[in-house]
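S.K.: test case, fold it:
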Amino acid sequence: MITLTLKEPLSIPAEADCITPDNLHDKSRDDILRQTVYWGNKKLTIGDLFTVEGERAEHITVVTGECDKVKLIGHKMSRGAIHIKGSAGYNTGSYMTGGTLTIDGNARDYLGAMMEGGVIVLKGDAGHFLGGAYKGETSGMTGGEIFVHGSAGHETGGFMRRGFIVVGGDTGDFPGLFMLAGTLLVLGQAGVRVGANMKRGSVVLTRPPERMLPSFVYNSLLRSPAVNLVMKRASAMGFNVPMNPVFRRYSGDVNTVGKGELLVLEPPQ
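M.R.: Model prediction:
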């Protein structure tokens with residue numbers, strides 16, 4: 001196992017996209033120390049910012065403490081595992097295609113942005129654009145799974161094409177914005193304008209949204225084996241979910257294609 005420990009809290013963000021199992025799995029300790037990171041307008045090395053233990057491994061532990069200014073850890077990773085003991089900065093796990101990334105603390109914006117595969121587990125809160133698309137892009141997350149045990153910010157799952165996101169707490173506004181496919185499960189309180197402009201996909205809510213958009217049309221009560229599988233997967237990852245639930249099904253957003261579905265848990269009678 002490779003262990004990287006941040007020497008001291010950072011005053012400005014550092015870009016550390018070199019911290020992936022793909023890049024470090026075959027490197028000696030000396031080679032790891034020489035890997036390039038960018039700190040503001042300075043070109044530094046991993047050894048300048050981190051102490052390093054271990055070498056040539058696909059399991060990386062990054063100890064950041066309460067510092068969330070280390071960006072891009074796990075960027076484009078396709079294999080192995082990263083465990084961040086502390087908080088994570090912007091763009092963690094972006095463009096990820098495989099492997100497992102676990103974060104003990106909180107994460108800043110764009111966690112899992114544009115990811116294609118793999119698993120991200122966040123034990124704290126996420127910022128905005130979780131599993132989303134970068135500005136100017138029309139496709140966000142296209143595969144993989146993200147499990148957030150805390151809350152998440154605005155536009156969670158925005159432009160999502162495939163994959164699975166679970167948020168154990170609340171979300172900000174516009175969850176499922178421009179969603180094209182995939183499943184977003186929110187176990188807390190979702191913000192306003194859920195599913196705005198979604199074309200397809202499923203947003204599953206265990207609490208009624210603050211305000212339902214008028215462009216979603218109620219059509220049925222639903223008990224679905226497919227949703228039961230979603231709930232079982234979330235339960236296996238440590239979430240408290242209703243089993244064999246009944247949902248009120250709404251179709252929308254009729255301002256666009258209108259083939260998405262918003263499922264709102266029906267309270268027990």
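S.K.: next, the contact list for the residue nearest to residue 221 when sequence neighbours are not counted, please.
M.R.: What sits nearest to residue 221 in space, not counting adjacent residues and going by C-beta to C-beta, 6 or more residues apart in numbering, is residue 246, at 5.9 Å. For glycine as for every other residue, the C-beta is placed from the backbone atoms N, C-alpha and C. Neighbour list for residue 246: 221-223, 265-266 [criterion: C-beta atoms under 8 Å, 6 or more residues apart in numbering].
S.K.: make it 10 Å
M.R.: 221-224, 227, 263, 265-269 (C-beta atoms under 10 Å, 6 or more residues apart in numbering).
S.K.: ChimeraX command to pick out the buried ones of those residues?
M.R.: Buried residues within these, by 16 or more other C-beta atoms under 10 Å, are selected in ChimeraX with:
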select :222,224,227,263,265
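S.K.: kindly indicate which of the contacts of residue 246 lies nearest residue 201.
M.R.: Closest approach between the contacts of residue 246 and residue 201, by C-beta to C-beta: residue 263, at 11.1 Å.
S.K.: wait, a strand at that closest one?
M.R.: Yes - Residue 263 forms part of a strand when assessed by DSSP: H, G, I helix; E, B strand; the rest coil.
S.K.: give me the local confidence score for it.
M.R.: With respect to pLDDT, residue 263 has a value of 97.
S.K.: tell me the contacts of it?
M.R.: Residues near residue 263 by C-beta under 10 Å, 6+ apart: 183, 185, 202-206, 222, 224, 227, 230, 245-250.
S.K.: ok, now which ones touch residue 224?
M.R.: 202, 204, 230-231, 244-247, 249, 261, 263.
S.K.: in helices, which of these appear?
M.R.: If you go by DSSP state H, the contacts of residue 224 have 230-231 in helices.
S.K.: just put the contacts of residue 224 in JSON lines and tack on distance to residue 178.
M.R.: Formatted as JSON lines, these follow (distance: C-beta to C-beta, whole Å):
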{"residue": "202", "distance to residue 178": "15"}
{"residue": "204", "distance to residue 178": "18"}
{"residue": "230", "distance to residue 178": "21"}
{"residue": "231", "distance to residue 178": "25"}
{"residue": "244", "distance to residue 178": "31"}
{"residue": "245", "distance to residue 178": "26"}
{"residue": "246", "distance to residue 178": "28"}
{"residue": "247", "distance to residue 178": "22"}
{"residue": "249", "distance to residue 178": "20"}
{"residue": "261", "distance to residue 178": "15"}
{"residue": "263", "distance to residue 178": "18"}
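S.K.: out of the contacts of residue 224, who's nearest residue 35?
M.R.: Distances from residue 35 to the contacts of residue 224, taken by C-beta to C-beta, are shortest for residue 230, at 38.9 Å.
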